[in-house]
Every structure is written in C-alpha cells, then in structure tokens.
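Novice: Using only what follows, build the 3D model:
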Amino acid sequence: MNASHDLPQTPPELSFPSRLPNVGTTIFTVTSALAAQKGAVNLGQGFPDFDCDTRIVDAVADAMRAGHNQYPPMAGAAPLRQAIARKIEAMYGRAYDADREITVTAGATQALLTAVLCCVHPSDEVIVIEPTYDSYLPAIEMAGGKPVFVPLEAPDYALPFDKIAAAITPKTRLLMINTPHNPTGRVWRAEDMKKLADIVRDTNVLILSDEVYEHMVYDGAPHESVSRYPELAARSFVVSSFGKTFHVTGWKIGYVAAPAALTAEFRKVHQFNVFTVNTPMQIGLAHFLDDPKPYLELPAFYQKKRDFFRDGLANTRFSLLPATARISSASITRKSAICPKPNSRSG
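Specialist: A predicted model of the protein is given here:
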C-alpha cells in the first residue's frame with residue numbers, strides 16, 4: 001500500500017503572524033522594475049550606470065587564485081580591517097583599533113540592522129530623522145523598539161536641533177543620523193555635529209551614523225563624519241559601504257567602526273546573522289585601499305556628473321535647491337510645478 005495515497009492532496013494553508021505586518025515590497029524593487037520596463041533613466045536606486053575600476057576586479061581575482069577562498073575571521077580579514085582603520089584615521093583623524101573596533105559587514109544595510117538589534121530592547125525609543133532610508137524602520141520594529149520621528153524642515157531640509165533635543169526621553173536608546181542624507185542630500189556641517197554633541201552630552205543615547213555617501217560631498221566641502229568628534233565617536237556606530245564607494249553595490253560589503261564596548265555587542269549579533277563576509281573580496285579590497293587616490297578623487301568625479309545633471313534641468317519645470325555645502329545634490333522641489341494635478345498623466 002502506498003502511504004502517500006492517504007495524505008491530503010491539497011496541504012492546508014499555513015497561517016502565522018507576520019514579524020513585519022506593515023512591510024511590503026520596497027519602493028526600490030518597484031521603481032527599478034518600472035524603469036527597466038519603460039526604458040527610463042533610474043534615479044531612484046543607489047547604483048551607477050558605469051562599471052567599477054578594473055583594478056579592483058583584478059585584485060579580487062588575484063585573491064581567489066592565491067587561495068583566499070575559505071572562511072575569514074568573524075570580524076573580517078585582518079588586512080582589510082587594518083586598511084579601514086588607516087583610511088579613517090587619514091581622513092577623519094580618529095585612530096580605531098582594527099582588532100577591537102572595526103567589523104566588516106555584508107553591506108551597509110546588514111550593518112544598520114545589526115547595530116539596531118544589538119542595542120535596542122523592546123520599548124526602547126529610537127529617534128529617526130525623516131524622510132529616511134527605508135531599512136531603518138523595519139530594523140527598529142524587529143528589535144521591538146519605538147521610532148520617534150523628527151522631520152527635516154523645508155525648504156532646505158534644515159536640521160531641527162530643538163526638536164531633536166525635545167524628543168530625547170529616559171527611554172531613548174538610539175539616535176539615527178545620515179550624512180549625506182538619503183534622500184534629500186542634506187549634509188551635516190561641523191557646527192551641526194557640535195550642536196549634536198551638546199544635545200547628547202549628559203545622556204546615555206547611542207548614535208548610529210549612516211555615512212555610506214561620505215565621498216559624495218561637493219564644492220570643496222568636507223564630509224563631517226562623527227569620527228572627527230571624540231565626544232560623538234565615543235557613543236557611535238559609524239557605517240560605511242564599499243559598494244557605494246567603489247561602485248560595486250552587488251558585492252554587498254561594508255563596515256562598522258565603533259568603540260570596543262559597542263563593537264563587542266555588535267559582533268555578538270553579527271556572528272549569528274551572517275557570521276562573516278566573503279574572503280576574496282576582503283583581501284582584494286585591502287590591496288586596493290593601499291592607494292588612496294581612487295576614493296580621494298571621488299568628490300570631483302561625482303561633482304562633474306552632478307553639474308551635468310543640474311545644467312540639463314536648468315530650463316525645465318523642475319525647481320532646484322542650490323547645491324551648497326549643506327546640500328550634496330541639486331535637490332528637486334516644487335512637485336506641484338511639475339505635476340499640478342494628482343492624477344495628471346504628464347506627471
């Protein structure tokens with residue numbers, strides 16, 4: 001007798017509560033599919049329309065051929081962590097311990113999620129500056145935290161420090177910042193960082209600083225990393241992305257720099273999340289970082305593209321904010337001037 005004949009032909013529909021009931025398909029998945037379908041220029045997702053430097057591909061291939069194909073240490077390959085520490089110190093003046101304060105991650109989004117999960121407990125409050133990158137809120141929700149929203153202020157997306165200060169309560173665990181800001185292009189300046197230091201000085205609030213666009217600050221302005229400011233660095237997870245920096249978003253490799261005590265907690269979650277990141281790309285990136293020229297030239301490289309795009313829109317119905325040191329991109333405003341009717345097909 002075939003026992004399978006006794007089984008129901010149609011299995012029962014499974015039902016279980018969602019961990020993220022309010023989350024659907026991301027907007028990036030939708031817009032990228034539509035752009036491909038319509039043959040449109042995709043300005044929505046953070047990947048370029050040009051290839052990466054062939055030297056970085058060669059460096060990774062060389063690492064594979066040299067036998068770097070097994071598990072690296074959980075925190076990341078030592079040569080890459082050391083190269084990251086040298087880069088941060090050269091650019092921002094802070095000396096991170098490569099062994100105890102640098103962790104290589106499977107992209108910046110994994111780094112952001114892991115940082116939230118390692119420090120946010122159920123009912124903890126997390127201050128989020130709006131508008132915000134779409135992974136922040138699901139990360140907070142998975143940790144059981146409560147997002148507290150503070151919107152940037154029109155028309156130039158000013159940072160409302162009075163409202164940030166007012167949002168801090170005894171339940172506040174984390175403040176998430178992003179500079180240059182996605183999606184507005186708002187850039188934090190030195191005086192902004194000093195105001196932030198004043199606000200958090202007498203609190204236990206931690207900072208998660210998303211700095212994946214650190215090399216896209218224009219017109220000669222510096223990127224103001226929280227790493228520059230000892231008071232802030234002492235309580236901060238600083239996240240960056242090799243995918244964004246070197247135009248290899250499909251490689252999904254980034255890193256977190258944080259004080260040893262924070263890094264220890266971060267790695268507790270990281271080791272059971274992804275454990276580690278692929279070895280040959282780490283070794284290849286470590287060699288590629290020996291030459292700082294490729295990333296030091298990025299602001300000028302991207303500024304040419306920014307200027308070309310801005311000039312092309314000069315005689316259109318788009319109204320652009322000035323690309324000052326505070327705004328890293330020629331931000332588009334006045335949607336009503338482009339699409340005066342909500343259902344207009346011309347929009």
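Novice: from here on, contacts and neighbour counts on C-alpha atoms
Specialist: Noted.
Novice: Which of the three states applies to residue 17?
Specialist: coil (DSSP: H, G, I helix; E, B strand; the rest coil).
Novice: Would you quantify the distance from it to residue 121?
Specialist: 21 Å (CA to CA, to the nearest Å).
Novice: When these two are compared, which one has more neighbours?
Specialist: Neighbours were counted for residue 17 and for residue 121 using other CA atoms under 10 Å; residue 121 has more, 16 against 6.
Novice: from what I can see that one touches residue 146, true?
Specialist: No: in this structure residue 121 lies outside contact range of residue 146 using CA atoms under 8 Å: 9.5 Å.
Novice: Quickly find the element holding the nearest residue to residue 104 once chain neighbours are set aside.
Specialist: Spatial nearest neighbour of residue 104, chain neighbours left out: residue 255 (4.3 Å); criterion: CA to CA, 6 or more residues apart in numbering. Under the criterion of DSSP states H and E, residue 255 resides in strand 254-257.
Novice: That strand packs against which elements?
Specialist: strand 102-105, helix 108-119, strand 236-241 (3 or more CA pairs under 8 Å, 6 or more residues apart in numbering; DSSP states H and E).
Novice: Pull the number of nearby residues for the residue nearest to residue 104.
Specialist: Residue 255: 26 neighbours (other CA under 10 Å).
Novice: For it, give me its contacts.
Specialist: Residue 255 is in contact with 102-108, 111, 239-241, counting by CA atoms under 8 Å, 6 or more residues apart in numbering.
Novice: Now do it, the pLDDT please.
Specialist: The model reports residue 255 with a pLDDT of 99.
Novice: same check, this time on residue 310
Specialist: As predicted, residue 310 sits at a pLDDT of 84.
Novice: Kindly report the same for residue 125.
Specialist: 99.
Novice: count of residues packed around the closest residue to residue 46 other than its chain neighbours?
Specialist: Distances taken as CA to CA, 6+ apart place residue 244 nearest to residue 46, at 7.6 Å, with adjacent residues excluded. Other residues near residue 244 come to 23 when the count uses other CA under 10 Å.
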